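>>> Any chance you can model this:
(one chain, ligands or ions: 1)
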Amino acid sequence: MFKALVVEKDPSSGETRARVDTIDEGDLPDGDVTVVVEFSTVNYKDGLCIGPGGGLVRSYPHVPGIDFAGRVERSEDPRYAPGDPVVLTGWRVGEAHWGGYAQKARVKADWLVPLPAGFTTRQAMAVGTAGLTATLAIIALEDHGLTPANGPVLVTGAAGGVGSVATAMLAKAGYEVAAVTGRPDQADYLKQLGAKRIIPRSELAETIKRPLESETWAGCVDAVGGSMLARVLGQMKYGASVAAVGLAGGSDLPASVIPFLLRGINLLGIDSVLQPFEARQRAWQRIARDMPMDKLDAMVQPATLSDLPRLGREILQGKVRGRVVVDVN
Ligand code: NDP
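As a prediction, this is how the structure comes out:
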């Protein structure tokens, strides 16, 4: 028996309820590797899976947690042996498959990545899905020509998980970062992570009036989507790219095609869930190279399984700052 955060759904009212409970190892789903989980995190999707489900959870009772780091306990796959430190992000773990909010998890070997050298399991989860995704976005922008010499890079939803990691990693790599936030009280935090400029969310809140504004940004990591992304497209420099990561501000895109046609800008879609093994390894290597560990520590808020129902609600309300690291023990 071991501890887990278990979500149940009342079949008549449809309401979900999450609580810390004990589960039997025999109830774990099928998989070829059993992992003793040490740390997990809280991402936006976790907020949905701890609470209303958001169409992501297939069946109840459910154990959420879209990412985790720990040590292999048993493996039927030759790539992993007992004691190996591993990380998991994506593959719909924590949504369609039981996830990391438990002291043990059973998954497919293909979904795991060996813990990158130099990381503790706690640091790996301080990065987590949010940090991996921010890194995939930075890599995509650079693969499309972004360098620090091109000019300032915009990060939206900057005080959130994706935004905090993007800000710190871009700054460490020599980029001038402009951080968009709706929380003015987080300006010092964002400057500490390396942001040079703070842009109030209200400056980008209005829907587009003109399809082209002055050419300002050499790149953008966008965690917000919606009308903010539409505005940003019109502010990109000629030939620049925007990495679309998230939808914290909405999933619609009330935009104009003019910036694509007259400025040759690119909109790059970023998915972390189904990234092939090699791409995830490349991203973790980049994190190991460019993540300032002192800044990573400054982003982290520690938590336990019993904090998760509250944190799940808070992340959906945009109230969580930086990264939460959940000690499942
Ligand atoms: P967080 O909640 O930690 O961060 C989101 C941030 O967006 C908030 O902190 C806030 O930043 C800002 N924000 C929230 N609501 C609004 C709003 N209505 N309008 C404008 N800005 C808003 O979430 P994560 O960083 O974990 O995830 C960010 C997004 O990225 C989510 O939509 C998530 O689903 C997505 N995502 C996508 C992945 C992929 O594979 N594509 C993987 C991981 C995440 P501030 O207070 O600074 O304004």
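
>>> How about Ala187: what's its closest non-neighbour residue?
Counting by C-beta to C-beta, 6 or more residues apart in numbering, Ala187 lies nearest to Ile198, which is 4.6 Å off, once chain neighbours are set aside. Placement of C-beta: from N, CA and C, glycine included.

>>> separation between that neighbour and Ala171?
In this view, Ile198 and Ala171 are 13 Å apart by C-beta to C-beta, to the nearest Å.

>>> more crowded one of those two?
Ala171 (23 against 18; other C-beta atoms under 10 Å).

>>> I'd guessed that one sits against Val165; true?
No - counting by C-beta atoms under 8 Å, Ala171 stays clear of Val165, with 10.9 Å between them.

>>> just how off-centre is stretch 85-97 within its chain?
13 Å (C-alpha atoms, centre = their mean, to the nearest Å).

>>> what's the first-to-last distance across it?
21 Å (C-alpha to C-alpha, to the nearest Å).

>>> in it, what counts as buried?
85-91, 93-95, 97 (16 or more other C-beta atoms under 10 Å).

>>> For this protein, list the residues in contact with the ligand, please.
For the chain, the residues in contact with the ligand (C-beta under 6 Å from any ligand atom) are 43-45, 129-130, 133, 157-163, 181-183, 201, 223-224, 228, 245-249, 270-273, 315, 318, 320.

>>> Buried ones among those?
43-45, 129-130, 133, 157-163, 181-183, 201, 223-224, 228, 245-249, 270, 272, 315, 318, 320.

>>> one step back: as JSON lines, the buried residues of stretch 85-97 with secondary structure would be great.
JSON lines is the format used below for the buried residues of stretch 85-97 (DSSP: H, G, I helix; E, B strand; the rest coil):
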{"residue": "Pro85", "secondary structure": "strand"}
{"residue": "Val86", "secondary structure": "strand"}
{"residue": "Val87", "secondary structure": "strand"}
{"residue": "Leu88", "secondary structure": "strand"}
{"residue": "Thr89", "secondary structure": "strand"}
{"residue": "Gly90", "secondary structure": "coil"}
{"residue": "Trp91", "secondary structure": "coil"}
{"residue": "Val93", "secondary structure": "strand"}
{"residue": "Gly94", "secondary structure": "coil"}
{"residue": "Glu95", "secondary structure": "coil"}
{"residue": "His97", "secondary structure": "strand"}
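
>>> Now the two most distant members of those residues.
Using C-beta to C-beta, the two most remote members of the buried residues of stretch 85-97 are Pro85 and Glu95, lying 24.0 Å apart.
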